[in-house]
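Asker: Model the following, please.
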Amino acid sequence: MDYASNVVDSMADTFMPMSSHFDATGDASRMRELFIIGNRACAIVIFPIAAMLIILGRQSSRLG
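Answerer: Take a look at the predicted model:
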């Protein structure tokens, strides 16, 4: 699951400078739009990966 979250982290690194710019300029509407688009993009990427890991993964005998 760490590899899948690294993909989303990379996408977040792309959106962070844009959101900082919108915040600095006081453009709340574009920042809101970026937030929605960014969350949708991350979800579209992570959900299929997570589903495959859940379906194909084995249960660990180790707790914690």
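
Asker: contacts, neighbours, all on C-alpha from now
Answerer: Will do.

Asker: ok, residue 37 - how many residues close by?
Answerer: Number of residues near residue 37 (other Cα atoms under 10 Å) recorded here: 13.

Asker: quick one: it and residue 56, what's the gap?
Answerer: Counting by Cα to Cα, to the nearest Å, the separation of residue 37 from residue 56 is 29 Å.

Asker: Quick check: longest helix in this protein by residues?
Answerer: Criterion DSSP state H: the longest helix present in the chain is helix 28-56.

Asker: so what secondary structure elements neighbour that one?
Answerer: Helix 28-56 sits against helix 2-25, with contacts defined as 3 or more Cα pairs under 8 Å, 6 or more residues apart in numbering; DSSP states H and E.

Asker: Please save the CA atoms from the helix it packs on in CSV.
Answerer: Provided in CSV are the C-alpha atoms of helix 2-25 (Å, rounded to 0.1, in the frame of the first residue of the first chain):
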residue,chain,number,x,y,z
ASP,A,2,3.0,2.3,0.5
TYR,A,3,3.7,2.3,-3.2
ALA,A,4,0.2,3.3,-4.0
SER,A,5,0.2,6.1,-1.5
ASN,A,6,3.5,7.3,-3.0
VAL,A,7,1.7,7.9,-6.3
VAL,A,8,-0.9,10.1,-4.6
ASP,A,9,1.8,11.9,-2.7
SER,A,10,3.5,12.7,-6.1
MET,A,11,0.2,14.1,-7.4
ALA,A,12,-0.2,16.2,-4.2
ASP,A,13,3.3,17.6,-4.8
THR,A,14,2.1,18.8,-8.2
PHE,A,15,-1.0,20.6,-6.7
MET,A,16,0.7,22.2,-3.7
PRO,A,17,2.4,25.1,-5.6
MET,A,18,-0.8,25.9,-7.4
SER,A,19,-2.8,26.0,-4.2
SER,A,20,-0.1,28.1,-2.5
HIS,A,21,-0.3,30.6,-5.4
PHE,A,22,-4.1,30.7,-5.3
ASP,A,23,-4.0,31.3,-1.5
ALA,A,24,-1.4,34.0,-1.8
THR,A,25,-3.4,35.9,-4.4
